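S.K.: Attaching a predicted model along with its sequence, questions to come.
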Amino acid sequence: MRSFRKLVLICGLSIVPGWVLADTTVTIGLSGPLTGGEAGSGKDNENGARLAVQDLNAKSFMVSGQKVTFKLDSEDDQGDPKVGVQVAQKLVDSDAIAILGPNNSGVAIPASRIFSSAGVAILPVASNPALTAQGFNDIFRIGASDAQLGGAMADFAKNVLKAQQVAVVDDRTAYGQGIADQFLQEAKKIGLNVVAQEYTNSKAVDFKAILSTLKTKNPDAVFYGGYSAQAGPMLKQMHEIAMRSALLGGDGICSVELQQLAGDVSSGVFCAQGGSALDKTEAGRAFIQRYKSTYHIDMLVYAPNFYDGAMLIAKAMQATGTTTDRAKIRAYLANVEYDGLAGHYSFDANGNLKGAPTTIYTFRNSQLVPD
């Protein structure tokens, strides 16, 4: 009898430590263009999220007394709305607690309907105002909107560059058209003379016909609504035809990728990016250095925002004590106050980032720096 009791006690002791130490694995989803023309941005976002997951796992993150291990389910939406909807459904059907992205407005708008119908919180940087005007309660934009970025560039053109005449080109994507429209709206409001408006597409590589037409209008600045993959060749061709206008844009062109595509002619480019200048803080400088030492490339645009987004999801889990309840995560994010690498995060009733800071950048010595 005594031996039996001893055996029960030993068995009980061997079971308890295993139960206490068992990890819970939580998946954070990510939707972004990991291949194609916007792959640079998509991989940049993914890299930022991966650094956050590394940090969370390194510090033994706990939720309700249980150790949590994070993993990132990063899906390639190719920057294509149809693929993006398929990716959204795949992530909804998975066990992902919340979603980082999408990156592109053209993907985010249709994909958001899939996520919303399933009650899954998404943290996109897609900037078209239409995204957060749909009435959904699960979108939390972790970057500035087109209204903030496009408006800031119009104000910069007039007040800093002292431009009087501007031209506008956009690539007809939801992002490009959206930010160009916001630039136009503010430009007209503050008295800039819009001398021309032209259109291209997100696959174009030859802009000389458009640029030759614009050159005859003699604009002081050309605002391009689109991405670096087109802005780089466009800038190069502006120099080839001796067009002396400054090239302006939003966060879509605000990366070292533009300089890599344009070569040594990247002076005279100005772009708006959501968030404070990262190199102004010690934590920001450390992140820039860590990013480069980890991936052996320069950070582009939104890696710190995606890092912050992953941390926001983790904070929501810890505060609500859940690793599975998507509704509780969504409800917590609606009222969150959080200071991250890229700035302070809190959201209005539509899911827009309140008081989203905007920084104007330019290129000096082939480096993207705050102007």
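M.R.: Great, that's in hand. Residues are numbered from 1 along each chain as shown.
S.K.: In contact with the residue nearest the centre of the chain, which residues?
M.R.: Compute the mean C-alpha point of the chain, and by Cα atoms, centre = their mean the closest residue is Val125, 3.5 Å away. Applying Cβ atoms under 8 Å, 6 or more residues apart in numbering, we find Val125 in contact with 45, 101, 103, 141-143, 251, 274, 302, 305-306. (C-beta placed from N, C-alpha, C; glycine too.)
S.K.: Could you do Asn103 as well?
M.R.: Counted by Cβ under 8 Å, 6+ apart, Asn103 has contacts 31-33, 38, 41-42, 45, 77, 79, 124-126, 302.
S.K.: Tell me where the stretch 151-300 of the chain is predicted with low confidence.
M.R.: Applying pLDDT under 70 to the stretch 151-300 of the chain flags no residue at all.
S.K.: Quick one: the strands in it, in order.
M.R.: Secondary structure of the stretch 151-300 of the chain by DSSP state E, counting those that start in this stretch: the strands cover 165-170, 193-199, 221-225, 246-249, 269-274.
S.K.: between those strands, which gets nearest to Val92?
M.R.: Across these, Val92 has its closest neighbour in strand 269-274 (26.8 Å, Cβ to Cβ).
S.K.: quick check: domain ranges of the chain?
M.R.: Listed domain ranges for the chain are 19-144+280-356, 146-274 (source: automatic domain parsing).
S.K.: Can you report how many residues neighbour the nearest residue to Gly40 once chain neighbours are set aside?
M.R.: Of all residues not flanking Gly40 in the chain, Glu257 sits nearest, at 4.8 Å (Cβ to Cβ, 6 or more residues apart in numbering). When counting by other Cβ atoms under 10 Å, one arrives at 23 neighbours for Glu257.
S.K.: measure Glu257 to Pro304 for me?
M.R.: Distance, Glu257 to Pro304, by Cβ to Cβ, to the nearest Å: 17 Å.
S.K.: which residues sit in contact with the residue nearest to Ala133 when sequence neighbours are not counted?
M.R.: Of all residues not flanking Ala133 in the chain, Asn350 sits nearest, at 6.7 Å (Cβ to Cβ, 6+ apart). For Asn350, the contact set (Cβ under 8 Å, 6+ apart) comprises 132-133, 139.
S.K.: Over to Lys90?
M.R.: If a contact means Cβ under 8 Å, 6+ apart, then Lys90 has Glu75 as its contacts.
S.K.: same question, Ala303
M.R.: Ala303 sits in contact with 44-45, 47-48, 51, 287, 291, where contact means Cβ under 8 Å, 6+ apart.
S.K.: redo that, cut-off 7 Å
M.R.: Listed by Cβ atoms under 7 Å, 6 or more residues apart in numbering, the contact set of Ala303 reads 44-45, 47-48, 291.
S.K.: Compare those and tell me which has the most neighbours.
M.R.: Top of the contacts of Ala303 by neighbour number is Asn45, holding 30 neighbours under the definition other Cβ under 10 Å.
S.K.: can you tell me how far that one sits from Gln259?
M.R.: Distance, Asn45 to Gln259, using Cβ to Cβ: 19 Å.
S.K.: How about Val205?
M.R.: 17 Å.
S.K.: Between those two, tell me which one has more neighbours.
M.R.: Set Val205 next to Gln259 and count neighbours by other Cβ under 10 Å: Gln259 wins out with 21 against 11.
S.K.: what's the spacing between that one and Ser228?
M.R.: Going from Gln259 to Ser228 by Cβ to Cβ gives 9 Å.
S.K.: Gly340 too?
M.R.: For Gly340, the distance to Ser228 (Cβ to Cβ) stands at 24 Å.
S.K.: ok, the two, which is more surrounded?
M.R.: The neighbour comparison of Gly340 against Ser228 (other Cβ under 10 Å) goes to Ser228, with 29 against 20.
S.K.: residues touching that one, list them.
M.R.: Ser228 is in contact with 252-253, 255, 257-258, 261, counting by Cβ under 7 Å, 6+ apart.
S.K.: ok, now with 10 Å
M.R.: By Cβ atoms under 10 Å, 6 or more residues apart in numbering, the contact list for Ser228 reads 37-38, 40-41, 234-235, 249, 252-262, 271, 300-301.
S.K.: which one of the contacts of Asn350 is nearest Ala316?
M.R.: Relative to Ala316, the closest of those is Ile139; by Cβ to Cβ it sits at 14.7 Å.
S.K.: how deep is Lys189 tucked in, by neighbour count?
M.R.: Around Lys189 there are 11 other residues, counting by other Cβ under 10 Å.
S.K.: how near is the nearest residue to it once chain neighbours are set aside to Cys254?
M.R.: For Lys189, ignoring the flanking residues on the chain, the nearest one in space by Cβ to Cβ, 6+ apart is Ala154 at 8.0 Å. Ala154 sits 16 Å away from Cys254, taking Cβ to Cβ as the criterion.
S.K.: helices and strands around whatever helix or strand Ile28 lives in, which ones?
M.R.: Counting by DSSP states H and E, the element that carries Ile28 is strand 24-32. For strand 24-32, the packing partners by 3 or more Cβ pairs under 10 Å, 6 or more residues apart in numbering; DSSP states H and E come out as helix 39-58, strand 62-63, strand 66-76, helix 81-93, strand 99-100, helix 105-117, strand 122-123, helix 303-320.
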